[in-house]
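> 3D, please:
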Amino acid sequence: MAQLMTDNNFAVPDDYYALLTQMYRDLDPAQCQDVNARLILLLGNHIGDIEVLTEATRIAREHLAAAEA
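Numbers count the residues shown, from 1 in each chain. Predicted coordinates:
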């Protein structure tokens with residue numbers, strides 16, 4: 001069983017941040033949502049492990065419950 005890697009795995013984290021920033025440049029909110037959905041689906045397909053993706057979706061939502069409390 002694969003496990004979701006949550007520690008920093010980037011050689012240069014700022015490069016990924018810059019890439020994401022560039023991806024959103026000049027997009028309206030609807031276009032941002034569209035590109036987010038496409039990126040999520042592409043990366044999910046690349047990962048291809050439903051257990052890892054299940055863990056990722058759980059972790060991604062954890063902060064919501066804390067914010068509501």
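> what residue is smack in the middle of this structure?
The chain has I40 as the residue nearest its centroid, 6.3 Å off, counting by CA atoms, centre = their mean.
> Tell me how far that residue lies from Y16.
15 Å (CB to CB, to the nearest Å). In this view, the C-beta of every residue, glycine as well, is placed from N, C-alpha and C.
> name the helices or strands packed onto the helix or strand harbouring A67?
Assigned by DSSP states H and E, A67 belongs to helix 50-68. On a contact count with 3 or more CB pairs under 8 Å, 6 or more residues apart in numbering; DSSP states H and E, helix 50-68 meets no helix or strand.
> mean confidence for that helix?
Mean pLDDT, helix 50-68: 91.
> try stretch 5-18
Per-residue pLDDT over stretch 5-18 has a mean of 96.
> which residues sit against it?
With CB atoms under 8 Å, 6 or more residues apart in numbering as the test, stretch 5-18 has contacts from I59.
> Check the separation of the first and last residues in that stretch.
21 Å (CA to CA, to the nearest Å).
> list the contacts for I59?
Counted by CB under 8 Å, 6+ apart, I59 has contacts 4, 6.
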